[in-house]
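*Asks:* Predicted structure and sequence below. I'll ask about it afterward.
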Amino acid sequence: MLRLFLCALKFVALVAACESAAALAADSGNAVPYHVGAAVRVFHPDVARNWRGAHTEALVTRIWYPVDPAIPETPHAMGDSPFQAHPFASGAPLSPAHARYPLLVLSHGTGGTAETLDWLASALAANGYIVAGVNHPGNNALEPVTLDGFLLWWERATDLSEVLDGMLDDPVLGARIDTTRIGAVGFSLGGYTVLELAGARTDLKRFQDFCASPAADAICHPPEMKRLPDGPVKPASFSPATIASMARSGDSYRDARIKAVFAIAPALGEAFGTDAFAGVDIPISLTAGTNDPIAPIATNIQRIASLMPNAKVSMVPGALHNTFLDTCIPALADQAAAICNDGPGVDRDAVHAQTVERALAFFKDALPANAQ
């Protein structure tokens, strides 16, 4: 009964929030050009691969896309999470305003889901982008985290490449994608993932040495590690498949179809050596909060930026790591303080709006529109 009550409370709060947001947009005159459509695809790549011990042996992908503004959006709840979701028009047809639209593949953080970045994906879709976010096998909130899913970060880049394959072959959306305008967006470990797609190379030993040194910081002990079924990682438990994957951790996972990358609070900066970005030749934008306790800025975004002098870098004063997750429903925020509280003076919605503005400006320049 308590769970039913909380779900009802969550839905009422969500409807009120949606109505308030709609009224604010109407009053301000800052209406976006599209409403947001939503769909789900489950991709099963043809080539057998290491699914990292995940229960779901598929790439479950949530898709946000632009629809005609005359088609109504309806509120929805985001599962059992405390997050407030953007309303959408489920299954509505892609807007006929353009023959093709740019595509952005989306990568969530450790133990999260694509939906935890709904604030960003919905805003991008409302401004004319198709966004495809995968739930990374073995490392998402919808099923148990696995050792390989937690540990073999570089494998996540292959998830996005395979989602891209599936999107381009999709019988409904595939022909509507502008293949000259494909980018990638990621948060936290997803930020690392999209940098791998851009051509960054991982130095696993360097990261292991950092975490074994006195300089080790919070990035070496992410909170999600507690969700591993057998506790902390033990090398003795590595399977032959895990060892084989580690042997290719330093390979390039560059996907030449990706033309630009926007990384939010990127993690694992100490996994990149001085020549890690030698093969990166596409536009990169990096953003993070100055008070990030999970991916400390000195060893993550600042280190990454120091290795890519041409990258665009923006810092958000006071913002935490989880400030870049969806906004929490006020009635449920106290129950999830660790992910909902941003500290004094930080307005999560304002940070989101600022980040959306930066992402839109970046992709407008990096993925310029062609005459259609």
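*Replies:* The structure has been received and is ready for your questions.

*Asks:* Low-confidence regions, the stretch 51-200 of the chain specifically.
*Replies:* Residue ranges of the stretch 51-200 of the chain with pLDDT under 70: none are present.

*Asks:* Next, please give the residue ranges for the helices of it.
*Replies:* Under the criterion DSSP state H, counting those that start in this stretch, the stretch 51-200 of the chain contains helices at 118-126, 147-151, 155-169, 189-198.

*Asks:* In the longest one, which residues are buried?
*Replies:* By neighbour count, and taking 16 or more other CB atoms under 10 Å as the criterion, the buried residues in helix 155-169 are 155-167. C-betas here are computed from N, CA, C, even on glycine.

*Asks:* As JSON lines, those with distance to residue 31 would be great.
*Replies:* What follows is the buried residues of helix 155-169, written out as JSON lines (distance: CB to CB, whole Å):
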{"residue": "155", "distance to residue 31": "41"}
{"residue": "156", "distance to residue 31": "36"}
{"residue": "157", "distance to residue 31": "36"}
{"residue": "158", "distance to residue 31": "39"}
{"residue": "159", "distance to residue 31": "35"}
{"residue": "160", "distance to residue 31": "31"}
{"residue": "161", "distance to residue 31": "35"}
{"residue": "162", "distance to residue 31": "36"}
{"residue": "163", "distance to residue 31": "30"}
{"residue": "164", "distance to residue 31": "31"}
{"residue": "165", "distance to residue 31": "35"}
{"residue": "166", "distance to residue 31": "32"}
{"residue": "167", "distance to residue 31": "28"}
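
*Asks:* From these, pick the one nearest residue 285.
*Replies:* Of all the buried residues of helix 155-169, residue 285 sits closest to residue 160, with 17.2 Å by CB to CB.

*Asks:* Tell me if I'm right that the closest one and residue 193 touch.
*Replies:* Yes - between residue 160 and residue 193 there is a contact at 6.7 Å, judged by CB atoms under 8 Å.

*Asks:* Overlap of the contact sets of those two?
*Replies:* residue 107 (CB atoms under 8 Å, 6 or more residues apart in numbering).

*Asks:* ok, back up a step: can you redo the helices of the stretch 51-200 of the chain as TSV with distance to residue 350?
*Replies:* Conversion of the helices of the stretch 51-200 of the chain to TSV gives the following (distance: least, CB to CB, whole Å):
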stretch	distance to residue 350
helix 118-126	12
helix 147-151	33
helix 155-169	29
helix 189-198	21
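
*Asks:* And the ones you listed: which comes nearest residue 72?
*Replies:* With CB to CB as the criterion, residue 72 lies closest to helix 118-126 of the helices of the stretch 51-200 of the chain, at 14.0 Å.

*Asks:* can you map out the strands along the stretch 251-372 of the chain?
*Replies:* 261-264, 284-289, 312-316 (DSSP state E, counting those that start in this stretch).

*Asks:* Pick the most deeply packed of the ones you listed.
*Replies:* Most buried of the strands of the stretch 251-372 of the chain by mean neighbour count (mean count of other CB atoms under 10 Å) is strand 261-264; its value is a mean of 28.

*Asks:* what number of residues lie near residue 41?
*Replies:* Using other CB atoms under 10 Å, residue 41 has 18 other residues around it.

*Asks:* and residue 36, that one's in a strand?
*Replies:* Yes - assessed with DSSP: H, G, I helix; E, B strand; the rest coil, residue 36 lies in a strand.

*Asks:* I figured it hits residue 127, correct?
*Replies:* No - with contact defined as CB under 8 Å, residue 36 does not count as touching residue 127 (9.9 Å).

*Asks:* what's the overlap in contacts for those two?
*Replies:* residue 66.

*Asks:* Show me which of those two is the more surrounded one.
*Replies:* Taking other CB under 10 Å, residue 36 and residue 127 do not tie; residue 36 has more neighbours (26 against 17).

*Asks:* Can you give me the buried ones in the lengthiest strand in the chain?
*Replies:* Ranked by residue count under DSSP state E, the longest strand found in the chain is strand 177-187. Along strand 177-187, these residues count as buried under the neighbour rule (16+ other CB under 10 Å): 177, 178, 181, 182, 183, 184, 185, 186, 187.

*Asks:* and the residues you listed, which two are the farthest apart?
*Replies:* Taking CB to CB, no two of those sit farther apart than 178 and 187, at 24.1 Å.

*Asks:* and the gap between the closest residue to residue 370 other than its chain neighbours and residue 47?
*Replies:* Closest residue to residue 370 apart from its sequence neighbours, by CB to CB, 6 or more residues apart in numbering: residue 180 at 6.6 Å. In this view, residue 180 and residue 47 are 26 Å apart by CB to CB, to the nearest Å.
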